[in-house]
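*Asks:* Using only what follows, build the 3D model:
(one chain, ligands or ions: 1)
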Amino acid sequence: MLKGKTALVTGSTSGIGLGMALAMARQGANVMLNGFGDVEGAKAEVAKLGGRVSYHGADMSKPAEIEAMVRAAEAEFGAVDILINNAGIQHVAAIEDFPVERWDAIIAINLSSAFHAMRVALPGMKQRNWGRIVNVASVHGLVASAHKSAYVAAKHGVVGLTKVAALENATTGVTINAVCPGWVLTPLVQKQVDARAAQAGISEEEAKRQLLAEKQPSLQFTTPEQLAELVVFLCSPAADNIRGVAWNVDGGWVAQ
Ligand code: NAD
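*Replies:* Next up is the predicted model:
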């Protein structure tokens, strides 16, 4: 379905972003990966699916590097047709204990990076009158939890930014939407599972059970593959008129 299109997925060396990059490649798109850690592993996984794959190591807290990454994708593949703003980090602490440098980093990586990537990618999309931007927000873009001030503020910001961008482009072929996952078992959440297990002196399995029982009525983690299929749908013609939504995939979290 996406043959000839190019997808740039930020934070795609692991977790949800990697799942989305794989789904884009499966649909025939060229893919530019980004993120830290096992770059070669991620590249190899995407390349196995047969399409063209590239990588840019931009740090999502640095506006100039974000701009360079979008330009590099345009130079290599001719366009950025699909932009998935996914890179994100977490820090858990009460406001009065929250390290100022962690606040700044979360706002930069989880919120401002989406603004910078859109700012640079939108003109090309508008010129071609086709584009898809999917911002990976969170249920924490819709509701709050204690001890996640920066993350919740950033994700609420992403949902607001998504709506503004959707309105500014409403009469064009460029759609902008957000997806809002609940718990997904990725390295980002595994750290929270490990912290809970260590703090309470319980097993990893029990920590996972408690985490789900507190917030996610289905008692199941959402998978990166399930989220990626939603993004594939948002890239399809059936979704041409879906604009500015914040679509939760959360096992019933925000229905409570
Ligand atoms: P993850 O830790 O597995 O992946 C994060 C990705 O972002 C990695 O590729 C990492 O290298 C990259 N990254 C981190 N800092 C970066 C930086 N400065 N520059 C470039 N890349 C950077 O986490 P994940 O759970 O897959 O999270 C992906 C997104 O999904 C995040 O925005 C997160 O907030 C969101 N999310 C996750 C969950 C969940 O339960 N896991 C729920 C809701 C939303």
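
*Asks:* Pretty sure Phe115 sits in a helix.
*Replies:* Yes. Applying DSSP: H, G, I helix; E, B strand; the rest coil, one finds Phe115 inside a helix.

*Asks:* And the pLDDT at the residue nearest to it when sequence neighbours are not counted?
*Replies:* Of all residues not flanking Phe115 in the chain, Leu161 sits nearest, at 6.1 Å (Cβ to Cβ, 6 or more residues apart in numbering). C-betas here are computed from N, CA, C, even on glycine. You'll see Leu161 listed with a pLDDT of 99.

*Asks:* what kind of secondary structure is Leu161 in?
*Replies:* Leu161 ends up helix, using three-state DSSP.

*Asks:* Hmm, it is touching His116, no?
*Replies:* No. Using Cβ atoms under 8 Å, Leu161 makes no contact with His116, being 11.0 Å away.

*Asks:* by contact count, what packs against the helix or strand containing Glu101?
*Replies:* Counting by DSSP states H and E, the element that carries Glu101 is helix 100-106. For helix 100-106, the helices and strands in contact under the criterion 3 or more Cβ pairs under 8 Å, 6 or more residues apart in numbering; DSSP states H and E are helix 149-168.

*Asks:* Quick check: buried residues in the helix it packs on?
*Replies:* Within helix 149-168, the residues that qualify as buried are 149-159, 161-163, 165-166, counting by 16 or more other Cβ atoms under 10 Å.

*Asks:* swap in stretch 50-68?
*Replies:* So, applying 16+ other Cβ under 10 Å, buried residues of stretch 50-68: 51, 53-56, 58-61, 63, 65-67.

*Asks:* Is it possible to get a markdown table of the residues you listed that adds secondary structure?
*Replies:* What follows is those, written out as a markdown table (three-state DSSP):
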| residue | secondary structure |
| --- | --- |
| Gly51 | coil |
| Val53 | strand |
| Ser54 | strand |
| Tyr55 | strand |
| His56 | strand |
| Ala58 | coil |
| Asp59 | coil |
| Met60 | coil |
| Ser61 | coil |
| Pro63 | helix |
| Glu65 | helix |
| Ile66 | helix |
| Glu67 | helix |
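
*Asks:* Go back to the residues you listed and keep what's next to the ligand.
*Replies:* Counting by Cβ under 6 Å from any ligand atom, 59-61 from those sit close to the ligand.
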